[in-house]
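Colleague: Need coordinates for the below:
(2 chains)
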Amino acid sequence: MLSSFAARFKARATRLTADLEHRVKIRSALESYEKARDERKALFQDWEAAREGAAAIKWEAVNHLDAYLVRFVEKLESRGAKVFWAGNAEEARDYIVALAKEKGARSIIKSKSMTSEEIHLNESLRQAGCEVVESDLGEFIVQLREEDPYHIVFPAMHLTRTEISDLFHEKLHSTPTDNPEELTMIARRELRLKYLRADIGISGANFGIAETGMISITENEGNARLTTAIPRVHVALMGIEKVIPKLSDLALFLPMLATAGTGQQITCYNSLIGGPRQPDEADGPAEFHLVLLDNGRTQLLADAEQRDALHCIRCGACLNACPIFRNVGGHTYGTTYQGPIGSVITPHLRGLMDWKHLSYASSLCGACTEACPVKIDLHHHLLHNRRNSVTQNPDRWERFAFRAFARLTAHPGLLDKLVRLSRPFLPLVRAARHIMPPPIKAWLGSRELPPVAPQSFRNYWKSR
Amino acid sequence: MKSEKQKDILGRIREALKIPAPIAHVAHRQTASSLPQPRAWLPPVPPDQAGQLAMFERNCEQLRTEFCPARGIDEAGRVAKGLREKYGWSLAASHHQVELDAVVRALGIETLYMEDHPAQTELEKCSVGITACDALVAQTGSILLTARSAGGRALSVLPPHHLVVAQINQLVADLPAAFELLAARYDGNYPSFATFITGPSRTGDIERILVFGAHGPRMLTVILVQ
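Modeller: Take a look at the predicted model:
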């Protein structure tokens, strides 16, 4: 039985794989990325050793997560930060909404945070009467369109400048233009006012540094810097798995994240924030709140076999490399995290039976595993998820079919006879493929049934 | 209430970690115990200062950071004055620091100082934010600054042009060296904010086409006093 999520995935995928315009857009968007990424990788003295090193650091952090989290939080609290541990999405939302109410906040500015997408934070804040504005340009665009980000790093990569111009014209009453620079400036002007008016700034975090009690935020636009500098209150939302042991680990992670993520040596702004404004500083938020989110991550942690999926630094490299992502597009997944990493972790975060279909949305080519800067064994984890779903919920018909197939192939005489007997019926199957039972119907929906050869290979070999 | 939740989550983590991660990951652990050495993997940097300076300059050019060398503090003042005329600056914002003060004085325009806590809306109207920094990183062409060394958080990001005044002895080779410098200078008492600035603000969110000045400064200029 297909879950409703699986049915939706299938319907969207079927539509988008046939949409050639969409495929051209994605391919051309990724072309310049691939070129830049390969140039940057080549600058490394040893990219493979750097991947090993990054994986080693993440292994150390994730496998001693309790100790590093305790150190991280103690350091932050000693500098005046308020830390909230949220077991699930609801607890995280409730805390932030209560804080917004307590501060009488009317306007909230956000910098890009996939974790906030994961907990659907904006909706709750709006219901509480707050205006919530996304400040990352791509996020700002998809927010105006009232849709989810298409890609964890490039949220609006599925849109052309004309579509964006039309959107700005409709929602912001700007003059239509097909110049990306002018479009960017329209958003800049619009958002400048929002920063200065905002009561609270909400950000994500790319890394949490246990040694010094800081979060690290990687960006290009400067929107995260403004979000964390201007409003009186800064709230950072971070998954518990983002913690790394030492400050100096960033010397490796910052360039690797940028290289794998956007094809830059290092992004434009890499900021470290450890608490609210200190007494000897000119400005900065008076309050700093950190919300640490579990929301299913400890369940993934408990699966020792797939624990390394928590090493993910959300660079998006596996999405960019994935032939399935490039054909079905980001929205088809229906998940916060798209592509191979999303297909691996979503069943853990949101239920295996509802999301197991994503494990089959893969050609198992391994391009994702090769692209991953922290060496997550992505394509094997997709196989693990397939195995787990079959073990948890065996399909009797499937088991019968495979047993029958195994028996047939073990008895060539029988197989030969059956094939010969079936020959007259094949044209019938071909003609009636639309009314065949589901597996045959699905198989023949996109494939030709080849004619059976007049003679089997066995017989040919014997009579040669 | 809070400690209850903390205990819950930490309890779940400890329970989960009772089962060790499988063999495939042990290779990583062995590398971890022998301390990774990022310097040997990252892009190579020349060992001498002249080479590092050339690399920093090359990176600036690629990143569209305007690089202005100056022999001594007097020339730095003249360079700043030239920039004022070139860009038509009318109002500046800065913070107090010995070398910086001399350059800002030479600039000769009305200047807001962060020490006087100007309103954010005033700061936004300035044509340029002028700051010192902690270090320049040759490897990446980055400027490392903190809330303490550069007048807080907003000064270097809110005005449309960011001017950095740096000294040649602030140039470090690579990212590991920059983090060593941070630790040596601030360990035990870190500022609440530090950032590596690598070129002017940019975005590629529309058709992956590079546009400068997304939200932060459209222009970044470094005056390097030698």
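Colleague: which residues sit in contact with residue A:39?
Modeller: Residues in contact with residue A:39 (CB atoms under 8 Å, 6 or more residues apart in numbering or on different chains) are residue A:263. Every residue, glycine included, has its C-beta placed from N, CA and C.
Colleague: Same check on residue A:190?
Modeller: residue A:172.
Colleague: so it, which of the three states?
Modeller: Under the three-state scheme (DSSP: H, G, I helix; E, B strand; the rest coil), residue A:190 adopts helix.
Colleague: so how far is residue A:199 from it?
Modeller: 18 Å (CB to CB, to the nearest Å).
Colleague: for residue B:10, same thing?
Modeller: Applying CB to CB to residue B:10 and residue A:199 gives a distance of 32 Å.
Colleague: Residue B:169 now?
Modeller: Taking CB to CB, one finds residue B:169 at 42 Å from residue A:199.
Colleague: Now the closest residue to chain B within the stretch 351-464 of chain A: closest residue in space, sequence neighbours ignored.
Modeller: In the stretch 351-464 of chain A, the residue that lies nearest chain B is residue A:377 (6.8 Å; CB to the nearest CB). Spatial nearest neighbour of residue A:377, excluding adjacent residues (CB to CB, 6 or more residues apart in numbering or on different chains): residue A:369 at 5.9 Å.
Colleague: How about residue B:38?
Modeller: Per CB to CB, 6+ apart, closest to residue B:38 is residue A:252, 4.1 Å.
Colleague: so who does that neighbour touch?
Modeller: A:50, A:53, A:54, A:57, B:36, B:38, B:41, B:42.
Colleague: hang on, the last one packs against residue A:50?
Modeller: This means residue B:42. Yes - under the contact definition of CB atoms under 8 Å, residue B:42 touches residue A:50, with a separation of 7.2 Å.
Colleague: Common neighbours of the two, please.
Modeller: Contacts common to residue B:42 and residue A:50, judged by CB under 8 Å, 6+ apart, are A:44, A:252.
Colleague: The chain: strands as residue ranges?
Modeller: Unless you meant another one, I'm taking chain A. Here chain A has its strands, by DSSP state E, at A:82-86, A:107-110, A:131-134, A:200-203, A:207-209, A:214-219, A:233-239, A:243-244, A:269-273, A:287-293.
Colleague: please go with chain B instead
Modeller: Under DSSP E, chain B gives strands at B:66-70, B:91-94, B:110-113, B:128-131, B:135-137, B:142-146, B:161-167, B:171-172, B:193-197, B:202-203, B:211-212, B:219-225.
Colleague: Can you lay out those as a markdown table showing mean neighbour count, mean pLDDT and distance to chain A?
Modeller: Listed next are the strands of chain B as a markdown table, based on neighbours: other CB atoms under 10 Å in any protein chain shown; pLDDT from 0 to 100; distance: least, CB to the nearest CB, whole Å:
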| stretch | mean neighbour count | mean pLDDT | distance to chain A |
| --- | --- | --- | --- |
| strand B:66-70 | 17 | 98 | 15 |
| strand B:91-94 | 23 | 98 | 11 |
| strand B:110-113 | 16 | 98 | 9 |
| strand B:128-131 | 26 | 98 | 11 |
| strand B:135-137 | 25 | 98 | 9 |
| strand B:142-146 | 26 | 98 | 6 |
| strand B:161-167 | 24 | 98 | 10 |
| strand B:171-172 | 21 | 98 | 11 |
| strand B:193-197 | 27 | 98 | 4 |
| strand B:202-203 | 26 | 96 | 5 |
| strand B:211-212 | 20 | 96 | 4 |
| strand B:219-225 | 22 | 98 | 9 |
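Colleague: Please tell me how far the residue of chain B at minimum distance from chain A sits from residue B:198.
Modeller: The minimum distance from chain B to chain A, using CB to the nearest CB, falls at residue B:216 (2.4 Å). Residue B:216 sits at a distance of 11 Å from residue B:198 (criterion: CB to CB).
Colleague: shared neighbours, those two?
Modeller: A:268, A:269.
Colleague: on that earlier part again, neighbour count winner among residue B:169 and residue A:199?
Modeller: Higher neighbour count among residue B:169 and residue A:199: residue A:199, with 17 against 10, using other CB atoms under 10 Å in any protein chain shown.
Colleague: Let me know whether the more buried one touches residue A:105 as I believe.
Modeller: Yes - at 3.8 Å, residue A:199 and residue A:105 qualify as touching, with contact defined as CB under 8 Å.
Colleague: shared neighbours of the two, anything?
Modeller: residue A:233.
Colleague: What residues sit buried inside stretch A:72-84?
Modeller: Within stretch A:72-84, the residues scored as buried using 16 or more other CB atoms under 10 Å in any protein chain shown are A:72, A:73, A:75, A:76, A:79, A:80, A:81, A:82, A:83, A:84.
Colleague: Kindly reformat those residues as CSV containing pLDDT and distance to residue B:68.
Modeller: Shown next, in CSV, are the buried residues of stretch A:72-84 (pLDDT from 0 to 100; distance: CB to CB, whole Å):
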residue, pLDDT, distance to residue B:68
A:72, 98, 40
A:73, 98, 44
A:75, 97, 39
A:76, 97, 39
A:79, 94, 37
A:80, 96, 39
A:81, 97, 39
A:82, 97, 43
A:83, 98, 44
A:84, 97, 46
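Colleague: Restricting to the residues you listed, which residues neighbour chain B?
Modeller: A:73, A:79, A:84 (CB under 8 Å from any CB of the partner chain).
Colleague: The last one bridge partners, please.
Modeller: Under the criterion DSSP bridges, residue A:84 forms beta bridges with residue A:291.
Colleague: residues in contact with it?
Modeller: A:92, A:95, A:289, A:290, A:291, A:292, B:2, B:5.
Colleague: Give me the pLDDT for the residue lying closest to residue B:41 once chain neighbours are set aside.
Modeller: Distance criterion CB to CB, 6+ apart; nearest residue to residue B:41, sequence neighbours excluded, is residue A:50 at 3.9 Å. pLDDT recorded at residue A:50 is 94.
Colleague: what's next to the lowest-mean-pLDDT helix or strand in chain A, contact-wise?
Modeller: In chain A, the helix or strand scored least confidently by mean pLDDT, DSSP states H and E is helix A:438-445, which has a mean of 80. Residues from elsewhere that reach helix A:438-445, judged by CB under 8 Å, 6+ apart: A:401, A:429, A:430, A:433, A:434, A:435, A:436.
Colleague: got the contact list for the fourth one?
Modeller: With contact set as CB under 8 Å, 6+ apart, residue A:433 has these partners: A:440, A:441, A:444, A:445, A:449.
Colleague: and the stretch 251-400 of chain A, which residues reach chain B?
Modeller: A:251-252, A:254-255, A:262, A:265-278, A:280-284, A:288, A:292, A:294, A:298-299, A:301-302, A:304-305, A:307-308, A:375, A:377.
Colleague: Can you give the domain ranges for chain A?
Modeller: A:4-11+A:317-392, A:47-295, A:414-462 (automatic domain parsing).
Colleague: Dump these to TSV, plus distance to residue B:83.
Modeller: Listed next are these as TSV, based on distance: least, CB to CB, whole Å:
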stretch	distance to residue B:83
domain A:4-11+A:317-392	39
domain A:47-295	21
domain A:414-462	63
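Colleague: Using PDB, write out every CA atom in the least confident helix or strand of chain A.
Modeller: Written as PDB, here are the backbone C-alpha positions of helix A:438-445 (Å, rounded to 0.1, in the frame of the first residue of the first chain):
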ATOM      1  CA  PRO A 438      -0.300  -3.000 -10.200                       C
ATOM      2  CA  PRO A 439       3.300  -4.200 -10.400                       C
ATOM      3  CA  ILE A 440       2.900  -5.300 -14.000                       C
ATOM      4  CA  LYS A 441       0.900  -2.200 -14.900                       C
ATOM      5  CA  ALA A 442       3.600   0.100 -13.400                       C
ATOM      6  CA  TRP A 443       6.400  -1.800 -15.000                       C
ATOM      7  CA  LEU A 444       4.900  -1.600 -18.500                       C
ATOM      8  CA  GLY A 445       3.700   1.900 -18.100                       C
END
